[in-house]
Every structure is written in C-alpha cells, then in structure tokens.
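# how would this look folded up:
(chains A and B)
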2 protein chains.
Amino acid sequence: MRGVFAPFGVFDIMPRLVMKFGGTSVANLDRIRRAAKRVGVEVAKGYEVIVIVSAMSGKTNELVGWVNETSPMFDAREYDAVVSSGENVTAGLMALTLQEMDVPARSWQGWQVPLKTTSAHSSARIEEIPTDNLDAKFAEGMKVAVVAGFQGISPEGRITTLGRGGSDTTAVAFAAAFDAERCDIYTDVDGVYTTDPRISDKARKLDRIAFEEMLELASLGAKVLQTRSVELAMRYGVKLRVLSSFEEMDDNAGTLVCAEEDIVESNVVAGVAYSRDEAKMTLISVADRPGIAAAIFGPLSEAGVNVDMIVQNISEDGRTDMTFSCPTDQVTRAQKAMEDAKTSGEINYHELVADTDVAKVSVVGIGMRSHAGVAAQMFNALKNEGVNIKVITTSEIKISVLIDRKYMELAVQALHDAFGLEKAA
Amino acid sequence: MRGVFAPFGVFDIMPRLVMKFGGTSVANLDRIRRAAKRVGVEVAKGYEVIVIVSAMSGKTNELVGWVNETSPMFDAREYDAVVSSGENVTAGLMALTLQEMDVPARSWQGWQVPLKTTSAHSSARIEEIPTDNLDAKFAEGMKVAVVAGFQGISPEGRITTLGRGGSDTTAVAFAAAFDAERCDIYTDVDGVYTTDPRISDKARKLDRIAFEEMLELASLGAKVLQTRSVELAMRYGVKLRVLSSFEEMDDNAGTLVCAEEDIVESNVVAGVAYSRDEAKMTLISVADRPGIAAAIFGPLSEAGVNVDMIVQNISEDGRTDMTFSCPTDQVTRAQKAMEDAKTSGEINYHELVADTDVAKVSVVGIGMRSHAGVAAQMFNALKNEGVNIKVITTSEIKISVLIDRKYMELAVQALHDAFGLEKAA
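Next comes the predicted model:
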C-alpha cells in the first residue's frame, strides 16, 4: 500500500527488488562492474533496487586480523567500527560504477539509513529500518540505493555489526521493510542442491525449496544462506532467491526459497544432508532420577558444548545409559564437564564412552508431514547397503541418523537414489 | 572557563592536549603502538587527550586509485564515502591499542562527533565542532578520544572530506574547539628548519617560529604543515608543535609554531626558503592602459595558472613589459591563455618570452618589520656570489627573488650564512 503524491498526479510506486552481493561477487573492480551490470538489467526492467554489498573478499579478514593482533580481548564496539569499513568501501565503489553506467545511484552506510540495531556489538540484531530516507531519494529519482551490509547503529549512536554472514540478514530485512518483490542473494554457488554435488554426481539443483527445508539444510551445514536470514525471510514472507553471480542472467536461475504454498509440486524428500564431524558420547550406567537430564545437559551447555541428538535408553534397576552427539572438536570439553559434574556429585555414572568416528546423515522434506513411511524407507535403504544405525532422531520434516563415518558417502548416495532425488517431482 | 559539576563537588577540568599522527606514524600495528605509548605518557601527566589519526600510509592512495579507476569523473560524495574509511580503521585500532595499555579510550568517526562541514565534498571546510558529545564522555572517565581525521558530515548528512592534508586542519580545529593547551603534530620530520638540510648542512632546527613565518614557509613549499591548519591556528591562537614520531619523547622536541609575542628572542630572518620549479614569463610591449593588468591576469586565473610574482616595467610610448612567474608545469597553459586573449583582442603584445630555467629564493622573518636593511643585505650577499637577480618582490616579512636555477643552492647557502642562521639568536 505505497504511493507517492507528486505535484502532477498520483503515481504508482515502482516495484522493488533487493539484490545482495557477497564478498567473492565484489572481490575486485571487474567483479563490481559485472555485479553492477546485473543491477542495471533489473533497473531497465522497471525496478527500484536496493543493493546490499559485502566487503571485497579478504578485506574483512584483514581487518579482523589487525583487531585480533592489537587486542586479543578486544572491545567489540571498536571491532565493529574497524570491521564495518570494508562494506563502506564496496558501497561507494558500487554506487560510482552504477553512475558510470548512467544509473542514478548513491551509497548508504548503516547509520545513514539508519539501520537500527540492538547494542549487542559484533552480533547485533536488527530492530528497525525506517524507510523515509531511502523513499525520499527514490522519489527524487534515485534508482539504486547501495547499502553497506552487515552493519547498523546502536541506540547509543555507535556502529554495530550483525556478525559474520550478516549481509544476508541485512538484505532480507531491507526486502521486508521496503516490501520488495524478491530478495536475490548473489553468491558463488548457483543454488541449493538435493545433496552435496561433491558426494553425489546425481545431485540436482532445486528450483524451489521451502523456508523450513532450507532452515534444516542450513543448520546441517549446507552453508548457502545464513540461518538467521532464512528465519527472517520466513517470518516476513520474503521470497529469497539464491543464485550465482558468475553465470549468465536468467529469470529462472538459482533456487527460490519460499513459502510452502508457493511450491506447487515437490518430492516428499527435498534433500539429503550430512555432517561429517560428529561424535557420539555415551554415559554408561547413569543413576536414573527426575532431573537427571538437566543435571547432565546443564553443565554441557555451560561448557559451550553444542549437543545435537539425545537418546535415553530404557531404565533398568534405577540406572540407564544416556547418549548424545556433539561436534568432534568439543569432545574434550564435554568430557571435562562430565568429570567435573561427577566430582561435585551432581551426577553419577560408570563410564563416558566417546565414539569420534561417526557422521550424521539426514533427509529433509516438508512432504514428510503428509507422507507416512519415510523413516521406514530410509532405514531400509541403509540396511540394504549394510549400514548400521547408531542413533536416530526425528522432527516433523527431518530424520537424522548417526552412522560410522566410513559409510557416510555411501549412505548419502543410497538415500539420494532411494528417494529418487535426481528427478524433479 | 570550563568546569564540571559532579555530584561530590566541583572539579577543575583537566588540561587538554590534541595529538595528531600522520600516515607514516600509524603505518602499521607496531607504529600505532609506538604512537599510543606517546599518548599514554601525556595521559599520565594528567592530560585529557584528543588524538587525530590519518589513514595507515598507502591506504588512502589505494582507495583513491580504486575510485579513479572506477569513475574518472567521480561523484565527490561517493569519493568521500570511500576514502574516509581509511581513517576509521586507524581510529578503531588506536583506541584498541590504548585500551590494551589500560588507557580509557574510544574512537570517534567524523559524523559521531559530529564535525560539521560545508557540502563542498573532497574539499569541505569545517563549520562547527560541538563539544557536548566528547565532553560527556570525558566527564564519564574517557581519557582519550581517538578521532578519525580528514572527515566530517555535511548538512545533508553525507560524509565529507577536507581534502589532502586535512588531518592537520582537523587537529587544529579540535584544539581550538576544546581549548587545548597545545596541538602536537607528529610527523616524519623533527621540526621546522632554517632551510632545507639537504641543501645546507648548516640548517638548524628552530625551537619556535611565528605563525606568519610558518605560513610564508609553507606556501613556499616547506611542506611540514598544511597551510590551512596554520591559518586556523593563527586565527584561534592554537599553539602548534611539529615533531617527529620517530625520536625520543622530549618536552622541548620539535618546533613550536606560535604567536609572535610568545617568541622572546629571534633572528631578524627566520629561514631561507626556495622553490625550484618556477618559470619567468614576460609579455613584451604590452599596450599600457588602465585595466591592462586585469585583462592579463583575469584570463590567466581562469586558465588555472597560479601567478606568483608580478613586475611591471616603466612605460615608454604607451607600451610596457609585464613580467610574472608561475610554476613551470603551467607555462603551456599560460601561453595558450595569452594567445587566446590576444586573438580575441582583449590584450595586445609583441611577444611572450618564457624563461623556464629560474628558481625562487626567499628570506622570511617577522624581525624584518622592525629591521631596515634586510633587502640590501640580501642583495649584497647574492652580488658577492655573482648571482644575478631577475625579479624581486617583497612583503612585510618576506623578500623573494627569481634567479637562474643553477645558482639556487649557492644562493640559499650564501643567504643562510649572511643572516647567521646557523646560530640561534
């Protein structure tokens, strides 16, 4: 419901698009030019465009390196002031490049928009994006607002950053605030695949994927989009397209991440994900009493252990075995936390067995909600390959299993075949 | 007349100091640490310090290079947005370094202070520096405000830069606004000399020099301080000290640029300056009529020729010769401007003779005001060395001569000797 009252009449406002370019897409002046050409094409179609840019690749790492070398326990407010400068450079250069192409453009730093955030420096959350300033410039004829991604301003007037990958979140937040038709995330991969193409040559690029599926895949390590940006897109219904800035432009390029109802037909399972560096930890013969789970997982959480799957065996003679999984590089920390809890008498167990040779394989798909038998089909496929399942967990749209790491690739390929993912629905 | 009313009594405000570090003084993390140590010493003495920093040396050139490559006729607003980022990085790193030394410090970008400027992007002038924000933080216990130099904010809310060398001007403006006891400019030379030490090994570092003398020396090419910063210091009575960041700290280090009345004793002549790349241009047989000077120098000014000395010969039969000097690289431009003016009938002359083998040598000193005979002494010294004088101009505190370039070093040495500059007054 936007409109501009101009002296000579009432005009409909132009459709808007958000385009986000990551570090590799703006790594040097040539790539900035290529990105600007894509922006120019959308402007020619009649869009007003908000471009969100990252720092030129390598720049943020350089700045972070300087901060760490200067001050290992740095003041996050100064970290943010230093690190945000990389995006400012790209924003100015992109605006200049567009101007050279006769596209009316200007750069905006976070505080100029202003993109208002919390004061949680280095991992701030977006609170509000007032649209007045940009709207006024669009009304004056600006066609492209080039916004420095990943940064904002705190209530105290200091520069904040949203944390690594925050440029994706910036892009989605702008798309929501400005009611954009779509938010295109240009990156160095050409979309979301049914599984990792390095593991299965039958992996197929998905045309569409539901927000929920994308969230499960992202948290499983398919690092195409930052999790927070997908959550935000889902909450505000922002259509998100992931596509490569290194391929020819095409309206159907990439993968559209969208609401379930925008997906007409889809496979029951959208994709097969994996996580290589998992460890299976088993506390043997734990005294089974009310509150035992809290007594175990409280100390683990405090020690910074990211517990993923949890399985409790049947209790026998008042004792039970408790199994959980965590990343392999947190095993030592988990062991120490458990030993300390045993010493202090919080918990009592016979032995802690760590199996660091496991991997997690998951099938994800919103179709599971309405299709029974997906779990059975999955377990069958693994059985047929002789893969033993160590732990199972399920959610509404995901089934995950822990297996021996040596079977991981075999399992991924078998499941990709079993669910027929090489063919579109 | 500043004071802070605190809940437990009225405290006198602490004395303040401005310290400015140029690009070579903050070229890398080690140098930033060395600069921070100097700041720490002043804080330990009881000063509240405002530190003005330049970009790490080389960074501004890199950014300017990118802008020029992207857009040869760039939008100065975007140029400013890009180029100002270099100072922001140094400011954050300097604040972190000071914090590591347990000195309460924080960084300030131009818009955060805010340093308000005109909208003349890339060569903006400082309009106002409100002191409230920094004063509030000093009152809360901040000991050092690290301010990104060279940048400000326009009335339109966009980032401006003050042009190259603008960090000196920023420093002086802060010293004036915050009533600082002194403004120390740390650079890669250890002070102002009686002449260029590369030309005379008798050159002596001056302990003090008057603003007016410094201005004459700066405009003559002794590039220790930016001219605008000296003008500003003179207007607001800011004591300016030029000193090296590569030498041991010493309260008497460097050269103090100050008001005439703060200099107790001084030589009649403070220094001998030179300018190598001068050209002498003579318009032969110009019709002498009222307004002829305007008819000649108007077109030269419009053509961007920086005319320095002007001499008009005695008129004879209604015609005269007009001589002026300009930088050698502007000779072609001057010739074209004069030919065009002749073609259009604005002026009439017989010939334009360009002598590009001349140099300018000047003696500068506020003592000249009260001492007669300085000119005679200068001309005698040159005569004794057989140096022929081609053009003479004088001001209240400066006498300049154009001579053949081959005699330039000889003339500088002879004048340095003649006025006894190797010894302090």
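# need the residues of the stretch 101-250 of chain A near chain B, please.
A:106-107, A:109, A:111-112, A:157-159 (C-beta under 8 Å from any C-beta of the partner chain). Backbone N, C-alpha and C define where each C-beta goes, glycine included.
# can you list the residue ranges for helices in chain A?
Here chain A has its helices, by DSSP state H, at A:29-44, A:59-70, A:76-83, A:85-100, A:132-139, A:166-177, A:211-219, A:227-236, A:292-302, A:331-343, A:374-384, A:408-418.
# just the angle for the fifth one relative to helix A:166-177, thanks.
What it means is helix A:132-139. Interaxial angle, helix A:132-139 versus helix A:166-177 (axes from the mean of the first three to the mean of the last three C-alpha atoms, to 10 degrees): 70 degrees.
# can you spell out which helices and strands pack onto helix A:132-139?
Packing contacts for helix A:132-139, counted by 3 or more C-beta pairs under 8 Å, 6 or more residues apart in numbering or on different chains; DSSP states H and E, involve strand A:105-108, strand A:144-148.
# returning to what we had before: nearest to residue A:268, out of the helices of chain A?
Closest approach to residue A:268 among those is made by helix A:374-384 (6.2 Å; C-beta to C-beta).
# same list (the residues of the stretch 101-250 of chain A next to chain B) but as TSV, adding distance to residue A:405.
Listed next are these as TSV, based on distance: C-beta to C-beta, whole Å:
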residue	distance to residue A:405
A:106	52
A:107	48
A:109	46
A:111	47
A:112	50
A:157	50
A:158	45
A:159	43
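# so which of the residues you listed comes closest to chain B?
When these are compared for distance to chain B (C-beta to the nearest C-beta), residue A:107 wins out at 5.2 Å.
# quick check: the closest one touching residue A:95?
Yes - the pair residue A:107 / residue A:95 is scored as a contact, 4.1 Å apart, by C-beta atoms under 8 Å.
# determine the residues that are contacts of both of these two.
Between them, residue A:107 and residue A:95 share these contacting residues under C-beta atoms under 8 Å, 6 or more residues apart in numbering or on different chains: A:146, B:78, B:81.
# now, among those, which is nearest to residue B:416?
For the shared contacts of residue A:107 and residue A:95, the nearest to residue B:416 is residue B:81 (46.7 Å; C-beta to C-beta).
# burial check on the closest residue to that closest one other than its chain neighbours, number of neighbours?
Distances taken as C-beta to C-beta, 6 or more residues apart in numbering or on different chains put residue A:92 closest to residue B:81, at 4.2 Å, once the chain neighbours are dropped. A total of 32 residues lie near residue A:92 under the criterion other C-beta atoms under 10 Å in any protein chain shown.
# show the pLDDT at residue A:92.
Per-residue confidence (pLDDT) for residue A:92: 98.
# before we move on, what about the one 10 residues further on?
On pLDDT, residue A:102 comes in at 97.
# who's in contact with it?
Residue A:102 touches nothing, counting by C-beta under 8 Å, 6+ apart.
# low-confidence ranges in chain A?
Along chain A, the model assigns pLDDT under 70 to residues A:1-12, A:164-165, A:219-223.
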